[in-house]
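Colleague: Using only what follows, build the 3D model:
(one chain, ligands or ions: 1)
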Amino acid sequence: MARNTYDKDEELLQEFNWSYYKRLGVYIVPYKKALLKTLAVIIFANIAGMIGPYFTKLAIDEAIPNKDIKQLMVLGIIFLLSLIAIGMSMRYRIQSITEIGQDVLKDMRSSIFVHLQKLPFSYFDNRPHGKILIRVVNYINTLSDLLSNGLINLISDIFSVIITLVVMFMIDVKLTLYSLILLPVLFVLVMFIKKLQRKAYQELSNKQSNMNAYIHESISGIKVTQSFAREEESFENFSKISNAYRDSYMKAVKVQFLLWPAVQNISVITTSLIYFVGIRGLGVDVSTGTLIAFIGYINNFWNPVINIGNFYNSLITATAYLERIFETMDVEPDIKDLPGAIEMPEIKGKVTFEDVVFRYEEGRNILDGINFTVNPGESIALVGPTGAGKTTVINLLSRFYDVNEGEVKVDDINVRDVTLESLRTQMGVMLQDTFVFSGTILENIRYGKLDASEEEVMEAAKVVRAHDFIKDLKDGYHTVVEERGSTLSAGQRQLISFARALLADPKILILDEATSSIDTKTEELLQIGLQQLLKGRTSFIIAHRLSTIKNSDKIFYIDGGKVAEAGNHDALMAERGLYHHLYQSQYDLLKVD
Ligand SMILES: Nc1ncnc2c1ncn2[C@@H]1O[C@H](COP(=O)(O)OP(=O)(O)OP(=O)(O)O)[C@@H](O)[C@H]1O
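Modeller: Numbering: from 1, shown residues only. Next comes the predicted model:
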């Protein structure tokens, strides 16, 4: 799939089809009981709504000419009671519909969130995260109107139209037919507007998504923006995107509001027509009371028709968002358990790469025949020039991507033959930029083993030498840290991740060592922590510190998509090959040891 950026509209990968609404229906089904109850109340209110015009007719045609005060009083009281009943039903209806709508949205949001958590890295690699975010939050929210008001109102309006039509036909067939004369005009208009509107809202959703992506990216990169004093350029970009959003919004609204006045006009013209027909008596012979009642029913008829028109509007609008939501839900996690995948037995720690070939994109192999075997408990340092594929090797090991050719085996079992969960729970992956979640330090360490007691957390922190700095913090283990851990130093974040990994007790440990330079004291601390963590585990470390490299059992020098050199530090130095050269040029300069 083509990669997307904040200034590029996303292409829709699948054409719209009506089955989207069927799928939306699946989310509504669990609430059908509440929906039916509400519907019953609505039908009751609709029937009560029929009383008004009919009683007006009785009053004008019978009670008033006969001067029957008693009948007039009875009519008045029943009419009043019907109004109270309608008011109470309305209140119930609004509350229950809102509740059902919000529940459906909550379920959809959960579905898309759960699905996102299963998607492969490649999905997140290929688009700005802001564009993913907007689907879970904003796009789902736009359905709120459709679900809360639209759906139930639609059912109630359809009932309303049918009941009104039946009553109208019962009163006078010809007059009813006159009332419907302009309905085909409305139909043609709706079809015409639909096309324009759908396109306009697709564009709007794209511009919204672009803006969200840019804001998200700007906040993530704020430190770079400020340190290069690029605030103005940033704002200019934002203005462009924001203007595009505004323009597309105006376009969409203009199209959307074509329908409403059209229906209003048709309704007014119809009313005039009925007056005209009634007064002129064009083939109809009705009393004044009937005529006035009829005008009341015409309102009863056209109001729901206007509402149905509006519903149709929001349906078309929602379509533009629904297709995006379902598109995301339809992305198949390409890294998933194969049929018949077995549970990975307890890992001992042997790792084998056999003729592994891997590419992120067609035509460019990143790994091109990697072979190695690592024995249980060995520590491996992966080194090599930037972009050589070190991270790629460790991504394949925990099956974040699948190999294109060859095999990756753990304890002689192909990683594709076991369930992802059983494989990954036995592996610890620590990325270069240690992610710290917002919450306390305790919670962050506990992420490695959710049921760990406070004592266990402290024990792990002590082993990896994180305890000393944590206990000196204001609230110790209960100190609250922000997302990404911006209030902690790089070394402290790394120590927390060591404690987290130790608690998880993985048999194979994968570590992308932080590149940021740290002082010698922290360096020493990290080394002690790391050595504790590595005990009894197979480990792969993308090593940036000479101390780590020297302490490892074997060094793999990755270059040209292959393991170009393998051996320990002394052996590789004696070879005076690529590693020796890298050591001379880089590590001498850094003087980290
Ligand atoms: N998600 C991706 N999609 C496409 N290409 C990628 C992706 N990730 C990495 N690459 C490419 O794959 C190659 C290997 O990247 P990798 O991150 O494995 O290198 P590395 O050896 O870990 O580099 P460094 O030492 O700089 O971290 C690079 O050329 C990179 O451009």
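Colleague: Low-confidence bits of the stretch 101-250 of the chain, can you list those?
Modeller: In the predicted model of the stretch 101-250 of the chain, residues 149 satisfy pLDDT under 70.
Colleague: residue ranges of the helices in it, please?
Modeller: Taking DSSP state H, counting those that start in this stretch, the helices of the stretch 101-250 of the chain run over residues 121-125, 129-134, 140-145, 152-171, 173-179, 183-220, 222-227, 231-280.
Colleague: Please identify which of those helices is closest to the ligand.
Modeller: Proximity to the ligand (C-beta to the nearest ligand atom) singles out helix 121-125 among the helices of the stretch 101-250 of the chain, at 3.9 Å. Any C-beta I mention is one placed from the backbone N, CA and C, and that applies to glycine too.
Colleague: then the closest one to CSV, C-alphas only?
Modeller: Once non-C-alpha atoms are left out, helix 121-125 reads as follows in CSV (Å, rounded to 0.1, in the frame of the first residue of the first chain):
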residue,chain,number,x,y,z
PHE,A,121,3.6,-2.7,12.6
SER,A,122,3.3,-2.2,8.9
TYR,A,123,-0.2,-0.7,9.3
PHE,A,124,1.1,2.0,11.7
ASP,A,125,4.3,2.5,9.6
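Colleague: elements contacting it?
Modeller: For helix 121-125, there is no helix or strand it packs on, judged by 3 or more C-beta pairs under 8 Å, 6 or more residues apart in numbering; DSSP states H and E.
Colleague: got a list of contacts for it?
Modeller: Here helix 121-125 makes contact (C-beta atoms under 8 Å, 6 or more residues apart in numbering) with 3, 132, 331, 334, 360, 395, 400, 401.
Colleague: to the chain's geometric centre, what's the distance from that helix?
Modeller: Mean-position distance between helix 121-125 and its chain equals 14 Å (C-alpha atoms, centre = their mean, to the nearest Å).
Colleague: hmm, back to that, from the contacts of helix 121-125, which would you call buried?
Modeller: Neighbour-count burial (16 or more other C-beta atoms under 10 Å) applied to the contacts of helix 121-125 gives 132, 331, 395, 400, 401.
Colleague: Of those residues, which pair is most distant in space?
Modeller: Taking C-beta to C-beta, the two most distant members of those are 132 and 395; they sit 20.0 Å apart.
Colleague: Not counting sequence-adjacent ones, nearest residue to residue 318?
Modeller: Closest residue to residue 318 apart from its sequence neighbours, by C-beta to C-beta, 6 or more residues apart in numbering: residue 146 at 4.5 Å.
Colleague: mind checking how far the one you found is from residue 410?
Modeller: Computed as C-beta to C-beta, to the nearest Å, the residue 146 to residue 410 distance reads 48 Å.
Colleague: Looking at those two, which is more packed in?
Modeller: Applying other C-beta atoms under 10 Å to residue 146 and residue 410 shows that residue 410 carries more neighbours, namely 26 against 23.
Colleague: any idea of the pLDDT on the more buried one?
Modeller: We have a pLDDT of 95 for residue 410.
Colleague: Next: residue 350.
Modeller: Residue-level pLDDT assigned to residue 350 equals 95.
Colleague: What about it? Give its phi and psi, please.
Modeller: Here is the backbone geometry of residue 350 (degrees, to the nearest 10): phi -80, psi 130.
Colleague: Which phi and psi values does the residue in the stretch 401-550 of the chain that the ligand sits nearest to adopt?
Modeller: Of all residues in the stretch 401-550 of the chain, residue 542 sits closest to the ligand, at 6.2 Å by C-beta to the nearest ligand atom. Dihedral pair for residue 542: phi -80, psi 100, per degrees, to the nearest 10.
Colleague: for residue 511, same thing?
Modeller: Backbone torsions of residue 511, given as degrees, to the nearest 10, read phi -140, psi 130.
Colleague: these two touch, right, residue 563 and residue 556?
Modeller: Yes. In terms of C-beta atoms under 8 Å, residue 563 counts as a neighbour of residue 556; the distance is 5.0 Å.
Colleague: okay, these two: which has more neighbours?
Modeller: Counting neighbours by other C-beta under 10 Å for residue 563 and for residue 556 shows that residue 556 has the greater number, 25 against 20.
Colleague: what does stretch 297-315 contact?
Modeller: With contacts defined as C-beta under 8 Å, 6+ apart, stretch 297-315 is touched by 49-50, 53, 145-146, 150, 153-154, 156-158, 160-161, 164-165, 167-168, 171, 179, 186, 190, 194, 197, 256, 259-260, 263-264, 266-267, 270-271, 274.
Colleague: Grab the most central residue of this structure for me.
Modeller: For the chain, residue 136 is the residue whose C-alpha lies nearest the centre (C-alpha atoms, centre = their mean; 2.7 Å).
Colleague: so what's that residue closest to, chain neighbours aside?
Modeller: In space, and not counting its chain neighbours, residue 136 is closest to residue 112: 5.5 Å by C-beta to C-beta, 6+ apart.
Colleague: how far does stretch 197-216 sit from the chain's center?
Modeller: Offset of stretch 197-216 from its chain centre (C-alpha atoms, centre = their mean): 15 Å.
Colleague: where exactly do the strands run in the stretch 251-400 of the chain?
Modeller: 351-358, 367-374, 379-383 (DSSP state E, counting those that start in this stretch).
Colleague: out of those strands, deepest packed?
Modeller: Counting by mean count of other C-beta atoms under 10 Å, strand 379-383 has the highest mean neighbour count of the strands of the stretch 251-400 of the chain, with a mean of 25.
Colleague: neighbouring strands for that one, and are they parallel or not?
Modeller: Paired strands of strand 379-383, with direction, are strand 538-542 (parallel), strand 554-559 (parallel) (DSSP bridges).
Colleague: Identify whichever of those lies nearest to residue 325.
Modeller: Residue 325 sits nearest to strand 538-542 of all the strands paired with strand 379-383, at 37.4 Å, using C-beta to C-beta.
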